[in-house]
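> take a look and give me a structure for this.
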Amino acid sequence: MDRVKSSMQQVPNAIPKVIRRTGGANSLELERENFERVQAVSINKAINTQEVAVKEKHARTCILGTHHEKGAHTFWAAVNRLPLSSNAVLCWKFCHVFHKLLRDGHPNVIKDSMRNKADLTDMSRMWGHLSEGYGKLCSIYLKLLITKMEFHIKNPRFPGNLQMSNRQLDEAGENDVNNFFQLTVEMFDYLECELNLFLGVFSSLDMSRSVSVTAAGQCRLAPLIQVILDCSHLYDYTVKLLFKLHSCLPADTLQGHRDRFQEQFKKLKSLFYRSSNLQYFKRLIQIPQLPENPPNFLRASALSEHISPVVVIPAESSSPESEHVVETDDLVDTDVPVLPAPLETKFDDLFGTSAAIDPFNFNSQNGMRKDDKDRLIEQLTREIQALKEELESFRLESGRLCQALRGRVNELEAELAEQSHLRLQAVGESEFLKAELDDVRRVREDTEKEQRSLTEIERKAQANEQRYTKLKEKYTELVQSHADLLRKNAEVTRQMTVARAAQDEVEAVRKEMQEKVKAAQEAADRQEREQLEQLQQLQRELVSSRAELDSLKTSMASSQQSSEVLGTQLAALESEKAELVQSLSKVEAELSARGEELERVQSSLVTERESRVKTAETLQNQLNEKESREQALESQLAAARWASLQGAVEEAEKIIQDSLAQIDDPVHISCTSSADYLASRCQASLDCMERLNSTRVAFLADNTGVSELVRAVTQSGHLVGDTIVQGSATSHMVPVEQADALSESVKVCGAEALALLGQMKQQDGLAAADSGKLKAALEAVLATAEKLRPRGLELQQGELGDLVEQEMAATSAAVESAAARIEEMLNKSRAVDTGIKMEVNERILASCTELMQAIKELILSSKDLQRDIVESGRGAASMKEFYAKNSRWTEGLISASKAVGWGATVMVDAADLVVQGKGKFEELMVCSHEIAASTAQLVAASKVKADKDSTKLHRLQQASRGVTQATAAVVASTKSGKSQIEETDTMDFSSMTLTQIKRQEMDAQVLVLELEMRLQKERERLGELRKKHYELAGVAEGWGEDEEGTG
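Below you'll find the model as predicted:
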């Protein structure tokens, strides 16, 4: 009856027909609304403007929501309504939650989020305009998230949390070295973005106070947990991929990969160390520590030494973000969908309790009893309820199928969009490759044209060179011909002078002849006049005489005789006159011939003079052009000489400025040097100053010798810069007062060097440049270095040489004794031990014996090399004098020999304890490493003064390599023996109860904590021991005595 009553209460009469038609759809809608409401509440609680860390429960609800709906549609629908571009804290917390979804959410989150990539890029660019605060951090974080999405889209085999096995990592590259190469580059870019966010967060915090315990500091530090998880996997995969690439490709090809890995390794190691010291991370995550040195990818066996970093996250209950009171309204169960309340409860809420109005509730009708009709009603009610449940199951199944189909449709649409995007990307890449191919072809054509033009230019240069040679020869010929023409011109001028003198003489002769002819004519005329007068007088006398003719017949006869005499005289005068006229005509003909010849010579001289003037003008023009060209070349050469000198001076200034900058560099504090080396550098600088001064004076006298000055300036810059750096490094090893004085001296030296170089940069200041102040500063540094030099052992020559021989002999004896003891221990072990222990002991002692033999060979090679150094003339006449002269080197040999003998003795003691079962394998490994270091010191001390081509030096180096290999064999045998012995102690938990196992687990945790604390203390103790060792070494070098002397 009660079952019938409950059934009748659950079955409505008329109104539930409408409810049953829409119940399935309403349930799905209500489920969806409830899901969206819960997600919206969680997202708004996780992403808000309060500067506190995101609570884990809200982020976990968002992650479960992505698995429930198999995507991130609801997340992005809620996020798109948030003002991310107006509030930096809101955007920072969004990046944190989104990073968690990408790592731990459904795989479709990455595909659904790619649709918002453009918005994220714009938001990153917008926040990037801020240079501080959350804005800059948001820009870096958004770039990281975009890089993460692109990486997972390009490499879909990698899950969001980057957890993969080695087999899956090999499958990701598809056994193609090109894929592995590209994958390594993408991982480098991915890890670079992670490190940028790491550095950005740390640089934005004030590390001088405990920021990790404040809410604001935790808000910035909380996302770094996801970054640490990503970085650990990326570092591990990068190391494995680089080893795989080095096994397939040459080392030179991967030099860039190694350099980039080295840089990221240093950053990641530093950031992991800084994070592990923060109190905030200690309670939330166990950060691994990277090895001291990066893996050596050039050695394939180093892969076995690689240990994958493992990040351990404790239980969530220990997190400070977890709360003791759990809000059940905010939790979502991903396995069973949240269903609405039963339909009957909804109906009761709408129309009241069904029992109060149900017409079939006969219990309230005055106690009427059941009859057949009641049984029929009950049967029908059960059938209706069964049909109702079946219909409800069908509706729920159809709803689930519809939801699954919708999800599948969304996935197919996303895949279609992705394929379309990939197709467009492939088309774009093909276009880009075509354009790049065209550019390559064009560049090749340009290169060929340039090559042809270069060939043509070289050919023209050769032709110009030949033409210049021919012109030079022609110029030489023209100069010679010009000289000949000048000589001919002088000869012609002399001839013209002689001709003019002859012409003047002819003119004088002609004038004289004309005067003589004129005088003769005048005399003839005068005689003629006289004769005429005489004739007239005779006629008058004749007339007068005729009257007296008769009386004068006697006088007439005499007159006739005088007339005849006068006739003869007149005929003689006429003949003389004819002769004179004939000679005058001859002289005139000769003069006319001489005049014609003179005119002909003058015309030829004028023509020749004009040609010579033209030739002289041409030669003068060529000579002027040559002189102008020589002057231009000389000016260019002078400018080039000065430019080369200026470049050398500027380079020297840069070197000295860089050296001065290194003094204040915090990284330089760890650098040290010795006073001896500083003194040698100072002396070399002083010698270079002398050379610089002499070359400067020579350059001022003759500016053609600029090469010597350039070399002197460059060498002086290097030496002075090295002196500054070594002086600063030496100041790190001396007491404070002396260190300050030395630092001030090298700074003064650098300032004087810069002042001297500044004077040499000016042409007018080069002559006035004075290196006296710089020499004084260098001498001051040298004097300080001489004061800081250790005083040594102050042994006599014979004592020091004997001490070297004694120490080498003692070392040999110690090695022989150690080898004998090892042989004795081996015999005892064979007699006492059995099984695995005997095998381990034999292997360890055999490797120790090989190490002793290698050390013995090394000592013999060192002795031979030292004897060869002395005999080859490097030092004094005898070995003892040589050792005494080079006391510092001798002390190094003595120290190295002592270290080798002591190491061999200690290693034998450790091996004895290990064989007896009382010692530790680690002690034996440490002793082996110590012996390797001591032998390396002995090799370095022995080959300091040896020739690099010496056969005994090569033999010493081979012996050193043998010691290294033997040391490695000792360490390997010790490790293998330790592992074999440890494997025998297997742990069997089969007989233990749950309580015993829990007890053992607690004991193990206590032991782990004790060992960690002990390890920390031992590390601190090791640091203190090393400091004390350095102090004692400084005292041994004589620093303490210098300090007392200055005090």
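> surely residue 118 is within a helix?
Yes: under DSSP: H, G, I helix; E, B strand; the rest coil, residue 118 sits within a helix.
> what pLDDT is listed against it?
For residue 118, the model assigns a pLDDT of 91.
> ok, now how distant is it from residue 142?
Going from residue 118 to residue 142 by C-beta to C-beta, to the nearest Å gives 12 Å. (Each C-beta comes from the backbone N, C-alpha and C, glycine too.)
> neighbour count for the two, which is higher?
residue 142 (26 against 10; other C-beta atoms under 10 Å).
> is it true that that one touches residue 122?
No: between residue 142 and residue 122 there is no contact under C-beta atoms under 8 Å: 9.5 Å.
> got phi/psi on residue 312?
Dihedral pair for residue 312: phi -110, psi 130, per degrees, to the nearest 10.
> which residues does it bridge with?
residue 286 (DSSP bridges).
> that one against residue 285, yeah?
Yes: contact between residue 312 and residue 285 holds when scored by C-beta under 8 Å: they sit 7.1 Å apart.
> ramachandran angles for residue 762?
According to degrees, to the nearest 10, residue 762 has phi -100, psi 140.
> for the one 5 residues further on, same thing?
Geometry field for residue 767 lists phi and psi as phi -70, psi -30, criterion degrees, to the nearest 10.
> give me every residue that touches it.
residue 700 (C-beta atoms under 8 Å, 6 or more residues apart in numbering).
> against residue 752, how distant is it?
Residue 767 is 19 Å from residue 752, by C-beta to C-beta.
> how far does the lengthiest helix in the chain sit from its chain's centre?
Longest helix of the chain, by residue count under DSSP state H: helix 372-547. Put simply, helix 372-547 sits 41 Å off its chain's centre (C-alpha atoms, centre = their mean, to the nearest Å).
> so which elements touch it?
Counting contacts by 3 or more C-beta pairs under 8 Å, 6 or more residues apart in numbering; DSSP states H and E, helix 372-547 packs against helix 2-10, helix 16-46, helix 108-113, helix 553-663.
> between it and helix 553-663, how big is the angle?
Counting by axes from the mean of the first three to the mean of the last three C-alpha atoms, to 10 degrees, helix 372-547 points 160 degrees away from the direction of helix 553-663.
> pLDDT averaged over helix 372-547 - what is it?
Mean predicted confidence for helix 372-547 is 77.
> what of stretch 195-212?
Mean predicted lDDT for stretch 195-212 stands at 79.
> pLDDT on stretch 257-266, on average?
Mean predicted confidence for stretch 257-266 is 91.
> output it as CSV, nothing but the C-alphas.
Output of stretch 257-266 as CSV, limited to C-alpha atoms (Å, rounded to 0.1, in the frame of the first residue of the first chain):
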residue,chain,number,x,y,z
HIS,A,257,73.2,25.3,-30.9
ARG,A,258,75.9,24.8,-28.3
ASP,A,259,76.5,28.5,-27.7
ARG,A,260,72.8,29.1,-27.3
PHE,A,261,72.4,26.2,-24.9
GLN,A,262,75.3,27.4,-22.8
GLU,A,263,73.7,30.8,-22.4
GLN,A,264,70.3,29.4,-21.5
PHE,A,265,71.9,26.9,-19.1
LYS,A,266,73.6,29.6,-17.1
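> tell me the pLDDT at residue 163?
So residue 163 comes in at 90 (pLDDT).
> about what we covered before: could the helices and strands packed on helix 372-547 be laid out in CSV, adding mean neighbour count?
Below are those laid out as CSV (neighbours: other C-beta atoms under 10 Å):
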stretch, mean neighbour count
helix 2-10, 15
helix 16-46, 16
helix 108-113, 22
helix 553-663, 13
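> ok, which of those helices comes nearest residue 221?
With C-beta to C-beta as the criterion, residue 221 lies closest to helix 16-46 of the helices and strands packed on helix 372-547, at 16.7 Å.
> out of everything not next to it in sequence, what's closest to residue 73?
residue 112 (6.2 Å; C-beta to C-beta, 6 or more residues apart in numbering).
> closest one to residue 416 among the helices and strands packed on helix 372-547?
Comparing these by C-beta to C-beta, helix 108-113 comes nearest, at 11.5 Å.
> what residues of stretch 759-774 count as buried?
759-760, 766, 769, 771, 774 (16 or more other C-beta atoms under 10 Å).
> over to stretch 61-77?
61-76.
> low-confidence regions, the stretch 201-350 of the chain specifically.
By pLDDT under 70, the weakly predicted segments of the stretch 201-350 of the chain are 207-211, 315-350.
> OK, contacts around residue 36?
With C-beta under 8 Å, 6+ apart, residue 36 has these contacts: residue 74.
> just the pLDDT for it.
In this prediction, residue 36 has a pLDDT value of 87.
> for residue 43, see how far away it is.
Look at residue 36 and residue 43: by C-beta to C-beta, they are 10 Å apart.
> kindly report the same for residue 279.
30 Å.
> what does residue 997 give?
From residue 997 to residue 43 the distance is 43 Å (C-beta to C-beta).
> same question for residue 1009.
Separation of residue 1009 from residue 43 (C-beta to C-beta): 40 Å.
> residue 957 too?
Taking C-beta to C-beta, one finds residue 957 at 68 Å from residue 43.
> likewise residue 779?
From residue 779 over to residue 43 (counting by C-beta to C-beta), the distance is 75 Å.
> also residue 418?
The value you get for residue 418 to residue 43, if C-beta to C-beta is used, is 26 Å.
> pretty sure residue 950 sits against residue 864.
No: taking contacts as C-beta under 8 Å, residue 950 lies outside contact range of residue 864: 9.9 Å.
> now the stretch 901-1047 of the chain, which segments are flagged as low pLDDT?
In the stretch 901-1047 of the chain (pLDDT under 70), the answer is 901, 915-919, 944-945, 980-991, 1029-1047.
> for it, what spans make up the helices?
In the stretch 901-1047 of the chain, the segments counted as helices under DSSP state H, counting those that start in this stretch are 921-942, 951-984, 994-1036, 1039-1046.
> out of those helices, which is the most enclosed?
Scoring these by mean neighbour count under mean count of other C-beta atoms under 10 Å gives helix 921-942 as the most buried, with a mean of 20.
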